[in-house]
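Novice: Could you work out the structure for the sequence below:
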Amino acid sequence: MFFFQEGFTYRNFLMDALAIFVFVVWFWLLITVFADLFRRHDISGWIKDIWVIAVVVFPYIAVLAYLIFQGGGMAGRNVEQAQQARDELRRVVGFSVADEIHKLDGLKKAGSISDAEFTRLRARLVT
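Specialist: All right, here's what the predicted structure looks like:
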C-alpha cells in the first residue's frame, strides 16, 4: 500500500499533487485565521492568546473551530476592511463622488454613454 515503493507512477504523481494542494490550502487557512485574529478589536488579548495557543497545540481542530464559529464575523470584517481601504484611497487620491457624477453627466450629454449606463454608474458611485 506504500505508493513510494512503486517508483514514479501516475498514481504517485497525483497523490503528491494532492498532498501539495492540501498543504497549500492548510497554510492559507492558517494565515487567514491568524490575520483575522490579530486585526480583531472586539475581543480581549486573553481571548486572542487562548485562540493562538489552541491553534498551536491543536492546529487542525482549532482552525476548523475558528472558521466554524467566527466565519460570519470574518466575512464582515473583510468587507469592512475593504471599505476602509477604498475610502482611504479615495481620500488620498482626491476622489470626490460629486466630481465623478459631474464627469458622468458630461459623458451623458456628449452622447458617450446612454441613460441606462449613466444610472448604473451613478448608483455604483453613490454606494
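Novice: what about the helices in the protein?
Specialist: 10-39, 45-57, 59-93, 97-110, 115-126 (DSSP state H).
Novice: if I look at residue 16, how far off is residue 30?
Specialist: Using C-beta to C-beta, to the nearest Å, residue 16 is found at 21 Å from residue 30. No exception for glycine: its C-beta is placed from N, CA and C like everyone else's.
Novice: burial of residue 95, as a residue count?
Specialist: 13 (other C-beta atoms under 10 Å).
Novice: Might you report the residue contacts of it?
Specialist: residue 89 (C-beta atoms under 8 Å, 6 or more residues apart in numbering).
Novice: what's the spacing between it and residue 88?
Specialist: Taking C-beta to C-beta, one finds residue 95 at 11 Å from residue 88.
Novice: Ok, residue 109 next?
Specialist: 32 Å.
Novice: now do residue 15
Specialist: 46 Å.
Novice: can you tell me which residues contact the residue nearest to the spatial centre of the chain?
Specialist: Using C-alpha atoms, centre = their mean, the residue of the chain that lies closest to the mean C-alpha position is residue 78, 5.9 Å off. Counting by C-beta under 8 Å, 6+ apart, residue 78 touches residue 36.
Novice: any idea how far residue 98 is from it?
Specialist: 29 Å.
Novice: Residue 46 now?
Specialist: 46 Å.
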